[in-house]
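Asker: The sequence isn't on hand, but the structure is:
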């Protein structure tokens, strides 16, 4: 944990590659790495080479992602049509007058990529994530990130790109940075059967109820792909297992092995390896720890993830997200094809959350450029791989409601695990918490994994070691809130989100 500092003091590391884009039917696309991509059909006179400013909108019909040759200069905004039902910018001088505003469709709580693009919501372009996943040599990628940081949306985007049943990916990604990528990337578009599932709400006070939720999710997953039964590519044994999965009569061990079963069936049916996307894999495990059934949960997920992602010849690539990296358990034991990208990793550091250039552009488009300093003080309390990152949930709410800053993020989920640890180890952490509450600072060297089975007995297993001392600081890492890096600076008498 580091001393409080603002985004200005923290600095920016590297250059951003993303920008603000609205979905099909309207909005803006922006890249500031100078790479070529589709540019709207605007007259040359509309562009002011001396200003990083906003240009007049033409009708959505005239400018619907119309490609043209040329480059979008660094830091420049290129408009792509109007957002239906929202104001136009038709100033004769091709600029927005000072003090004018643009009403953006802010996607609060929308984490389905297709809907976001089709309905014209503002979108900070993270489509480079698809390319980076494709180019990564590891078979399985694990991304532990705080809640409400775009994990579900990014997985939805991956599904829209890879899934052979999802339709034409090029239409969804038109106008985004990914549209500029070459054949090595686009040869993977709509080529794979996809298994996509989330464990976000698969948690309860008892293992019996949690297992029932998991079983229902798996039954629904098999129902989604029931067409494989009619393809004639499965043998009698595989058909029998598939039918038992569908009607809920399979044995518990079959449901634990279901990821392997389904990927095998889809591979046989389609003749293509499977892409596996798992969201919030650790949600049931958090509930298991706090509710007292951790061994049962670890047994199930050790089989489910191990059989599905280790030594499985039927899958092409796997991407897994969660809040914490669960380590030294049997969940990922022996998974030598797994690459873990924590908050300390340089790679993928800007794939989740907003960078400062992205926030600046969003505020400019919303007609609130003067709010950047407020946003810095409230919402940039993260360092991902050395990059200053803003809390996207709080920032989007701040923009959408045009209100005073508030702690929008704090009540989006429970912090039962952290609360339990603070109470359990209160004597050890009391002096440090008092120092923070008094406005002081402490320094800790974070570790990138959490061993749940050791939390009660060994404070050293909780994750953060003092920077210049031998004793350990009992906080798990990464936190589901901003503690591991620095406390966001906020106005006196207020609380950062």
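Answerer: The structure has been received and is ready for your questions. Everything quoted here is computed from the prediction, not taken from an experiment. Numbers count the residues shown, from 1 in each chain.
Asker: So which other helices or strands are in contact with the longest strand belonging to the chain?
Answerer: For the chain, the strand with the greatest residue count under DSSP state E is strand 315-322. Using 3 or more CB pairs under 8 Å, 6 or more residues apart in numbering; DSSP states H and E, the elements in contact with strand 315-322 are helix 128-135, strand 140-144, helix 151-162, strand 274-279, helix 294-309. Where C-beta positions appear, they are placed from N, C-alpha and C, glycine not excepted.
Asker: And for residue 204, the neighbour number?
Answerer: As a burial measure, residue 204 scores 17 neighbours (other CB atoms under 10 Å).
Asker: Let me see the backbone angles for the nearest residue to it once chain neighbours are set aside.
Answerer: The shortest distance from residue 204 to any non-neighbouring residue, by CB to CB, 6 or more residues apart in numbering, is to residue 210 (4.6 Å). Note on residue 210: its backbone torsions stand at phi -60, psi -40 [degrees, to the nearest 10].
Asker: any idea how far residue 210 is from residue 124?
Answerer: As judged by CB to CB, to the nearest Å, residue 210 and residue 124 stand 34 Å apart.
Asker: likewise residue 375?
Answerer: To residue 124, residue 375 is 14 Å away according to CB to CB.
Asker: same question, residue 258
Answerer: Noted for residue 258: a distance of 35 Å to residue 124, by CB to CB.
Asker: ok so, going back, and the residue nearest to residue 204, what does it touch?
Answerer: The neighbours of residue 210, taking CB atoms under 8 Å, 6 or more residues apart in numbering as the test, are 202, 203, 204, 284, 287, 288, 293, 297.
Asker: Wait, residue 205 touches residue 291, no?
Answerer: Yes. Counting by CB atoms under 8 Å, residue 291 is a contact partner of residue 205 at 5.1 Å.
Asker: These two: which is more packed in?
Answerer: Between residue 205 and residue 291, counted using other CB under 10 Å, the more crowded position is residue 291 (17 against 12).
Asker: Make sure the more buried one is actually in contact with residue 206.
Answerer: Yes. Judged on CB under 8 Å, residue 291 makes contact with residue 206 at a distance of 7.0 Å.
Asker: before we move on, the earlier item: columns pLDDT, secondary structure and distance to residue 426 on top of the contacts of residue 210, output as JSON lines?
Answerer: Listed next are these as JSON lines, based on pLDDT from 0 to 100; DSSP: H, G, I helix; E, B strand; the rest coil; distance: CB to CB, whole Å:
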{"residue": "202", "pLDDT": "89", "secondary structure": "coil", "distance to residue 426": "31"}
{"residue": "203", "pLDDT": "85", "secondary structure": "coil", "distance to residue 426": "26"}
{"residue": "204", "pLDDT": "91", "secondary structure": "coil", "distance to residue 426": "28"}
{"residue": "284", "pLDDT": "93", "secondary structure": "helix", "distance to residue 426": "27"}
{"residue": "287", "pLDDT": "89", "secondary structure": "helix", "distance to residue 426": "23"}
{"residue": "288", "pLDDT": "91", "secondary structure": "helix", "distance to residue 426": "23"}
{"residue": "293", "pLDDT": "93", "secondary structure": "coil", "distance to residue 426": "25"}
{"residue": "297", "pLDDT": "93", "secondary structure": "helix", "distance to residue 426": "26"}
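Asker: And for residue 311, the neighbour number?
Answerer: Residue 311 is flanked by 12 other residues according to other CB under 10 Å.
Asker: Which secondary structure state does it sit in?
Answerer: coil (DSSP: H, G, I helix; E, B strand; the rest coil).
Asker: Give me the distance between it and residue 181.
Answerer: Distance from residue 311 to residue 181, by CB to CB: 31 Å.
Asker: And residue 110, by the same measure?
Answerer: 25 Å.
Asker: Looking at those two, which is more packed in?
Answerer: Taking neighbours as other CB under 10 Å, residue 110 and residue 181 compare with residue 181 leading, 20 against 17.
Asker: Which pLDDT value belongs to the more buried one?
Answerer: Predicted confidence (pLDDT) for residue 181: 96.
Asker: do the same with residue 143
Answerer: Reported pLDDT for residue 143: 95.
Asker: and it, bridged to which residues?
Answerer: For residue 143, the beta-bridge partners are residue 321 (DSSP bridges).
Asker: My read is that it contacts residue 152, right?
Answerer: No. The criterion here is CB under 8 Å, and residue 143 misses it with residue 152 at 11.5 Å.
Asker: shared neighbours of those two, anything?
Answerer: residue 321.
Asker: These two: which is more packed in?
Answerer: More neighbours surround residue 143 than the other of residue 143 and residue 152, with 24 against 20 (other CB under 10 Å).
Asker: that older thread, so which of residue 258 and residue 124 has more stuff around it?
Answerer: Ranked by neighbour count (other CB under 10 Å), residue 258 and residue 124 place residue 258 first, with 26 against 22.
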